[in-house]
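Undergrad: From the sequence below, what's the structure:
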Amino acid sequence: MRRSRDDHAFPAQFRDALPNGGRLIGLDVGTKTIGTALCDAGWSFASPALLIRRTKFQKDKAALAEIITAQKVVGLVIGLPINLDGSESPRSQSTRAFAQNLKDMGLPILLQDERWSTVAVTRTLIEQDASRAKRAELVDKMAAAYILQGAIDALVTAQI
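TA: Residues are numbered from 1 along each chain as shown. Okay, the predicted model is just below:
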């Protein structure tokens, strides 16, 4: 994925800014919800966490801050919606603005390409015969876990 100089952290900078291990939080930022996921301190696996219903940014940020504090999170991985051709869209810019507004939390931030995350998660849920209502409830949290798992896999294998 092409990254611009104004990204909040290049992947190598993100890894270098983290202590040896520590919990990370993954975010799938939508217009109505924010799916969250957490990984273990050893960066082995990501698990879906809470779904935050979007209201006003400051309330959304406060809800995230509660999770971050309670879970002793050391870094943020935010899914960046990129078009299939690699170009960015208005949603990409909205996500970049969201990440920019979280910088004052003092944690390293990585914008992770989230192409295919929702599709992959939805297919899995359909294969598991989950109802539409159940899929709607789970997809954003599971997409956040998918995004976070991709990032921690790359961090561990030094691919980013």
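
Undergrad: and the one helix or strand in the chain whose mean pLDDT sits lowest, what does it pack onto?
TA: None of the helices or strands of the chain scores lower by mean pLDDT, DSSP states H and E than helix 117-127, at a mean of 80. On a contact count with 3 or more C-beta pairs under 8 Å, 6 or more residues apart in numbering; DSSP states H and E, helix 117-127 meets helix 132-156. (Each C-beta comes from the backbone N, C-alpha and C, glycine too.)

Undergrad: And the helix it packs on, what's buried?
TA: 135, 138-152, 155 (16 or more other C-beta atoms under 10 Å).

Undergrad: before we move on, the earlier item: what lies in contact with the least confident helix or strand of the chain?
TA: With C-beta atoms under 8 Å, 6 or more residues apart in numbering as the test, helix 117-127 has contacts from Asp28, Gly79, Lys134, Arg135, Leu138, Val139, Met142, Ala143, Tyr146, Ile147, Gly150.

Undergrad: tell me the angle that helix makes with helix 132-156.
TA: Put simply, helix 117-127 runs at 130 degrees to helix 132-156, going by axes from the mean of the first three to the mean of the last three C-alpha atoms, to 10 degrees.
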